[in-house]
Structures are given as C-alpha cells and as structure tokens.
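Peer 1: Output the structure for:
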Amino acid sequence: MPTPRETILTALHTRLSALPATALRGDVLPERVPVEGLLILRDGEPGEPEVTLSPLAYHYRHRAEIEAVVQGNDRDAAFDGLCASIGTALADDHTLGGLCDWVEAEAPRPVDLSVAGAASLKAAVIPIVLHYSTADPLGN
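Peer 2: This is a model prediction of the structure:
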C-alpha cells in the first residue's frame, strides 16, 4: 500500500497529466520538448515535520517541484499559458481530492536557455508546497 506521500505525489502528477503539456515524473529532460510544453514533477523534500501528540501526528510542509519547459518562437506566451494552466489545475481543488490539507504553488523564476542549432528554451522550477499529516514519519 503506498504511503500518503506517494499517494499525494501520484495525484499531483495525475492532475498535471490532464494539462495539454506532456507531464513526466522524475525523468530527465528529453532531447526534444513537445510543442505544447513539458512538465517534470520532482518529488522534492518533505522537510522536518511539526509533531502533535494525542493523537500522534506528523504535519509536513513538503516542497515538490515542477520543471516547466517550453521551446519555440512564441515561448514567452507559451510559458505564461503553461504556468497559468498549472495554477488553474491546482485552484480547481487545493486538497487533491482530500489527500492534502492544502496545495499551493509559488512563483516561478523563468530563465531563457540557448540551445545550439535549435530554438531556445524558456524554463523555470515552480515550487509546489503540499501540506499534509500522517501518523507515521516513514509514511511521509
């Protein structure tokens, strides 16, 4: 049976997979970026939990990351649209169907990356903060 952490990350990846961009999880950047854009979900770091007693619970503020990448002539507009679609997908249900207490994205810091012999890339890491609790620290 998967841990709450894995269940939450799988649900987040499923939510991203519904977007027009290709959504991967934990993969390396492929040689070609799809026209619609590319999203790579990184598991990130659960961090140190806050602990409450009676009942014992570990409250995490897990920082996952989405690498968002677009390529092409109109990459500024494409990148903006891709980021907006992520925001809309998260705003539709900030609890991922009740799996999390709250899910929120932080602002991206985009960079332009030149590629020899091809159109340059526009990319950013978008931090996603997952707030959830579990009764077992190994179940984080």
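
Peer 1: CA only for contacts and neighbour counts going forward, please
Peer 2: Noted.

Peer 1: which stretch of helix or strand covers Leu99?
Peer 2: Secondary structure from DSSP states H and E places Leu99 outside every helix and strand.

Peer 1: My read is that it contacts Ile8, right?
Peer 2: Yes. At 6.2 Å, Leu99 and Ile8 qualify as touching, with contact defined as C-alpha atoms under 8 Å.

Peer 1: Which residues in the biggest helix by length in the chain does the neighbour count mark as buried?
Peer 2: Taking DSSP state H as the criterion, the chain has its longest helix at helix 75-91. For helix 75-91, a neighbour-count test (16 or more other C-alpha atoms under 10 Å) marks 75-76, 78-79, 82-83, 85-86, 89-90 as buried.

Peer 1: Quick one: name whatever helix or strand follows the strand or helix carrying Leu39.
Peer 2: Using DSSP H and E, the element containing Leu39 is strand 38-45. Later in the chain than strand 38-45, the nearest helix or strand by DSSP H and E is strand 50-52.

Peer 1: same for that next one, what does it pack against?
Peer 2: Judged by 3 or more C-alpha pairs under 8 Å, 6 or more residues apart in numbering; DSSP states H and E, strand 50-52 is in contact with strand 57-71.

Peer 1: Which of the helices and strands in this structure ranks last by mean pLDDT?
Peer 2: Between all helices and strands in the chain, the lowest mean by mean pLDDT, DSSP states H and E belongs to strand 111-115, at a mean of 84.

Peer 1: That's all I had, so thanks and see you.
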